[in-house]
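Asks: This is the structure alone, sequence omitted:
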């Protein structure tokens, strides 16, 4: 299925659009590339505002609290992530530059089907990774 981006006016595969519940077809009207470009422009224009927000003590505190909750809830997930990260840093595992499902080269992550095998991962972009987790 294809869709036209309202910003760049190009027709792209529906996978090139973020999902949006409030839209009639279930996908946002601007493609991922256009949205990412807008975000980059906004961040460049508002550097001081964003820096102030990201460094606010309240934000950092909330981030630490969420991480602690996740560690307590899913310790095997945290351990698997750490082992994988160390293997990548030591170059024992090479992180590919493309998603194994859609071929995208943006924000590639490792997906664990089984956390007891931390080095056995599928490399996915954020969109495909979320899609897999939403199916379960």
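Replies: Perfect, I can see it now. Please read these numbers as outputs of a predicted model, since none were measured by experiment.
Asks: And the helices in the protein, which stretches?
Replies: Assigned by DSSP state H, the chain shows helices spanning 32-45, 47-54, 57-73, 75-89, 126-135.
Asks: need those helices in CSV with mean pLDDT and distance to residue 109, can you?
Replies: Quick note: C-beta positions are derived from backbone N, CA and C, even for glycine. Below are the helices of the chain laid out as CSV (pLDDT from 0 to 100; distance: least, Cβ to Cβ, whole Å):
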stretch, mean pLDDT, distance to residue 109
helix 32-45, 95, 16
helix 47-54, 88, 21
helix 57-73, 89, 16
helix 75-89, 94, 10
helix 126-135, 87, 5
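Asks: okay if I get the ones you listed as CSV plus distance to residue 21?
Replies: Formatted as CSV, the entries for these read as follows, by distance: least, Cβ to Cβ, whole Å:
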stretch, distance to residue 21
helix 32-45, 16
helix 47-54, 26
helix 57-73, 23
helix 75-89, 27
helix 126-135, 12
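Asks: quick one: which of these is nearest residue 103?
Replies: Ranking these by distance to residue 103, with Cβ to Cβ as the measure, places helix 126-135 first at 9.9 Å.
Asks: Going by neighbour count, list what's buried in that closest one.
Replies: Of the residues in helix 126-135, those buried by neighbour count under the rule 16 or more other Cβ atoms under 10 Å are 127, 128, 129.
Asks: So what's the residue count around the nearest residue to residue 14 once chain neighbours are set aside?
Replies: Closest residue to residue 14 apart from its sequence neighbours, by Cβ to Cβ, 6 or more residues apart in numbering: residue 1 at 4.6 Å. Number of residues near residue 1 (other Cβ atoms under 10 Å) recorded here: 7.
Asks: for the buried residues of helix 126-135, which one is nearest residue 85?
Replies: Closest to residue 85, out of all of those and judged by Cβ to Cβ, is residue 129, at 15.9 Å.
Asks: need the contact list for the closest one.
Replies: Taking Cβ atoms under 8 Å, 6 or more residues apart in numbering as the criterion, residue 129 is in contact with 109, 111.
Asks: Residue numbering should commence at 42 henceforth.
Replies: Okay, using 42 as the starting number, the last item reads as residue 170.
Asks: quick one: it from residue 127, how far?
Replies: To residue 127, residue 170 is 20 Å away according to Cβ to Cβ, to the nearest Å.
Asks: Fine, thanks again, bye for now.
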